[in-house]
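J.: Can you look at this prediction? I've put the sequence above it.
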Amino acid sequence: NIMACTALAVLLGALALAGLTSAAGTCTCGPFTYPDPSTPVPATSYIRGHDIPGNDMDPCGSQGCSLPLSTTYLDCEAKCNATAGCIAYVFSVANCDTPAGSNVCWLKSSVGSPNLQPCRNYRVLVPLAKGPYCPLMTEWGSKVTLDTQPLPEYPRPQLVRGDASSWVNLNGQWEFQPGTATDAPPFGQRLNATILVPFPAESCLSGVWQNHPYLWYRKVFYTPFPTPPGTQTILRFGAVDWQTTVWINGKPVGNHTGGYDGFEFDITSYLVVDSDNELLIKVFDPSDFGAQVFGKQRVSAITDAGGDTYTPASGIWQTVWLEKTPSTYIQSVRIKCNLTAFTFSVQGSAPNVAYTVTVSDNQRIVAQGNGLTGVSNVIVAIPQPHLWTPDDPFLYNISFALSTGDTVYSYGGLRTFALGKDAKGVTRPMLNGEFIFLVGWLDQSYWPDGIYTAPSDEALAFDVKAVKTFGMNMIRLHQKVNSERWYWYTDSLGIIVFQDMVQHYGDPHGNPPSADLFFADFKAMMDGRYNHPSIVQWTAFNEGDMVGHFNASAVVAWAQAYDPSRLVDTDSGGPANDLHVGDVNDIHDYPYPQDPKPNDHQYAMIGEFGGIGAFVDGHEWWPKQCSTYLHVQTPQDEADTYIRMAQTILSRKNDISASVYTQITDVERECDGFYNYDRTNKFTDDQVKAIAAANQAIIHN
């Protein structure tokens, strides 16, 4: 399998936007230039005995248009020529594989590879190119330069220590080269290429734009801090996909397994004072060839982009930094909340160290408490509590100070999220004891230029702010765990988050998921994102992606016991949803929303619906190859169709408590977003206002 993965170490790409090619045969992505990987494909003659897949267009749709027996393929061709956006057609005569009495014509807005089908005949009318293509860029990605450090912001808003002098951001250009399973560490050797950290290797913003299962990274840095007695240097990673091994100055420091959680190493004893130090990292990422969870990543999508599987994101994909700490320091804090108090626990590098926790309301100290690291919980009651809600996302400032001198700064919100009954006895999710209908969209947090990594913090915030632009109040974060700063924006802007557990999406190469790896990543996700008040619900499984390999009831029971402060969705839209365990009766309906029913111990939710897609020329990942659940001709059609769906949900509000529209943006060839993949808006201001009003009507009426 790894051999197959290595064989696919190829350039990947996306759609060439007008003006993004710097010269004939080249592509531009931020500061980087690449050879154009696309291959011209000419229009065809009329090909008999073959079908060609692709997105079926109106007015014929997936069933095709019935034509009189007297017609020929030329009549189908004329219909294609008269339909805006039609690039190919398929024609079948009666009594072959179509109903007796009529011929059938299908119109295509995109095409795939033809396949043998004796009853079908096709023609591609316009010349195309075969992907991959030049990169599709966001406005933020186009501003990335080698002179400016990418993502310079401190990466952990919930655990800030000291001022800017206490940490050093290592993002920027590193040395890089592909590796093998058995190659020796290249200590003291300059690697043969460079990579822009923290962009994954497959992203064009990395400067690599390739997929490799084994990756070497090298960074030489000068001792960043004075190292008097009692001072330590910690090396921290936001996330690396997937297995990471670290050496400092030729000595092994440690390793980590997991693609979505942060980790750290104390490297104090490995550093040479007042000198250059060599940081060497090896990463192994089998992507969808492995037994680990990998979400929607698929190596084959590089050269054969799928409908709902996308480019992998291997290696370092979140910020790497060094941090100065005292010898006894705070490693993590846990913040649990209810409507009147916080409960705190602190893990330190040593147990039984006294600490003081201070809670303030931005103007004054409102409460304090004392505890010991590693051994006790501290309950701090808050007088006149100010609750966290989507309309008023109030956050308390919280500091933790060890008696030995270390202090960190955090924040928290007071809120509860639990099942309850409304006035009619219907089971509802209650935020702070009150039912608020949750209207949101599916967010896969993919970027055309950075893949898993937003090109800037401004870009990261854009996606979260867009929720309220469209009158929503919730995100279902799908098959991915985002960086801590993304959750800072959901916390501070008042966006409810339903957090998916990343899945082992199918068994594409016959490698079933590992239960040990699944539970390790599930626990790491819950631990790493526990303190965020915006996260109110965990989703254990999605559809039939991997649930068949597990005892779903046991997984849900474990999750509920591990974090009783949140609800648990068993299997969003999948077969285990029929077990009616967990807290949500969650169905998927494409394209039109249906009417799931609550029961005595579950609220009803439409976990996915919609998938309405207007395809916008010049903003597609692969030109003329978009697909979706419900293709419409124009953004106005998309807006009108969504509003009708929202009105349907409003009419069923007596049963339904939450709905998730697919989706915020187009993702690669899946073109059903409110935004294009490059984050340009498909809609006019008036259309945005109309959509927002429809969503607000669901929430407030």
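T.: Everything's here; your move.

J.: who's in contact with Pro448?
T.: Ala14, Pro135, Leu136, Met137, Thr138, Gly141, Trp621, Glu668, Tyr677, Asp678 (Cβ atoms under 8 Å, 6 or more residues apart in numbering). The way it works is simple: take the backbone N, C-alpha and C, and place the C-beta from them, glycine included.

J.: farthest pair in these?
T.: Pairwise distances among the contacts of Pro448 were taken by Cβ to Cβ; the largest, 15.3 Å, belongs to Gly141 and Glu668.

J.: okay, these two: which has more neighbours?
T.: A direct count of neighbours by other Cβ atoms under 10 Å for Gly141 and Glu668 places Glu668 higher, at 28 against 25.

J.: for that one, phi and psi?
T.: Geometry field for Glu668 lists phi and psi as phi 50, psi -120, criterion degrees, to the nearest 10.

J.: Check Gly250 too.
T.: Backbone dihedrals for Gly250, given as degrees, to the nearest 10, come out at phi 80, psi 0.

J.: Quick check: the closest residue to it other than its chain neighbours vs Ser275, distance?
T.: Once flanking residues are discounted, Gly250 sits nearest to Phe187: 4.6 Å by Cβ to Cβ, 6 or more residues apart in numbering. Between Phe187 and Ser275 the distance is 16 Å, computed by Cβ to Cβ, to the nearest Å.

J.: Compare those two and say which is more crowded by neighbours.
T.: Regarding Phe187 and Ser275, a neighbour count based on other Cβ under 10 Å identifies Phe187 as having more, with 12 against 9.

J.: thought the residue nearest to Gly250 was touching Leu280?
T.: Yes: taking Cβ atoms under 8 Å as the definition, Phe187 is a contact partner of Leu280 at 6.6 Å.

J.: so what's in contact with those two at the same time?
T.: Counting by Cβ under 8 Å, 6+ apart, the common neighbours of Phe187 and Leu280 are Trp247, Gly250.

J.: Now do the SS call for the spatially closest residue to Phe176 that is not a sequence neighbour.
T.: The shortest distance from Phe176 to any residue that is not its chain neighbour, by Cβ to Cβ, 6+ apart, is 3.7 Å, and that residue is Ile195. Put simply, Ile195 is strand when judged by DSSP: H, G, I helix; E, B strand; the rest coil.

J.: So Ile195 sits against Trp174, correct?
T.: Yes: counting by Cβ under 8 Å, a contact exists between Ile195 and Trp174, whose distance comes to 5.5 Å.

J.: Overlap of the contact sets of these two?
T.: For the pair Ile195 and Trp174, residues contacting each of them under the criterion Cβ under 8 Å, 6+ apart are Tyr217.

J.: which of these two has more neighbours?
T.: Comparing Ile195 with Trp174 by neighbour count (other Cβ under 10 Å), the higher total belongs to Ile195, at 27 against 23.

J.: circling back to that earlier point, which of the contacts of Pro448 sits closest to Val502?
T.: Minimum separation from Val502 among those (Cβ to Cβ) is found for Glu668, which lies at 17.8 Å.

J.: can you pull the pLDDT of that closest one?
T.: Glu668 is assigned a pLDDT of 95 by the prediction.

J.: pretty sure it contacts Asp304?
T.: No: here Glu668 lies out of contact with Asp304, judged by Cβ under 8 Å, at a distance of 11.2 Å.

J.: For this protein, give me the ranges with low pLDDT.
T.: Counting by pLDDT under 70, the low-confidence segments of the chain come to 1-24.

J.: So which residues of the stretch 251-400 of the chain form strands?
T.: Secondary structure of the stretch 251-400 of the chain (DSSP state E, counting those that start in this stretch): strands located at 251-257, 263-266, 276-284, 315-316, 320-326, 330-337, 341-348, 354-360, 365-372, 378-381, 396-402.

J.: Just the strands from the stretch 601-701 of the chain, written as ranges.
T.: Under DSSP E, counting those that start in this stretch, the stretch 601-701 of the chain gives strands at 603-610, 612-614, 630-632, 656-662.

J.: The third one packs against which elements?
T.: Here strand 630-632 is seen to pack against strand 612-614, helix 635-651 when contacts are counted using 3 or more Cβ pairs under 8 Å, 6 or more residues apart in numbering; DSSP states H and E.

J.: just checking, what packs against the longest one?
T.: Applying 3+ Cβ pairs under 8 Å, 6+ apart, we find helix 635-651 packed against strand 603-610, strand 612-614, strand 630-632, strand 656-662, helix 685-700.

J.: can we see that at 7 Å?
T.: Contact partners of helix 635-651 among helices and strands, from 3 or more Cβ pairs under 7 Å, 6 or more residues apart in numbering; DSSP states H and E: strand 603-610, strand 612-614, helix 685-700.

J.: burial count for Met115?
T.: Quick fix: residue 115 reads Asn, not Met. Summarising burial for Asn115: neighbours were counted as other Cβ under 10 Å, giving 10.

J.: Go ahead and confirm it touches Asp51.
T.: Yes: with the criterion set as Cβ atoms under 7 Å, Asn115 and Asp51 qualify as a contacting pair; they are 5.7 Å apart.

J.: just the helices in the chain please.
T.: Listed in chain order, the helices of the chain (DSSP state H) span 2-7, 73-81, 457-469, 484-493, 515-528, 552-562, 635-651, 685-700.

J.: follow-up on the earlier one: now the helices and strands packed on strand 630-632 in CSV, with mean neighbour count and distance to Ala554?
T.: What follows is the helices and strands packed on strand 630-632, written out as CSV (neighbours: other Cβ atoms under 10 Å; distance: least, Cβ to Cβ, whole Å):
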stretch, mean neighbour count, distance to Ala554
strand 612-614, 26, 37
helix 635-651, 18, 33
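
J.: Make a markdown table from those and add distance to Trp538 to it.
T.: Listed next are these as a markdown table, based on distance: least, Cβ to Cβ, whole Å:
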| stretch | distance to Trp538 |
| --- | --- |
| strand 612-614 | 28 |
| helix 635-651 | 24 |
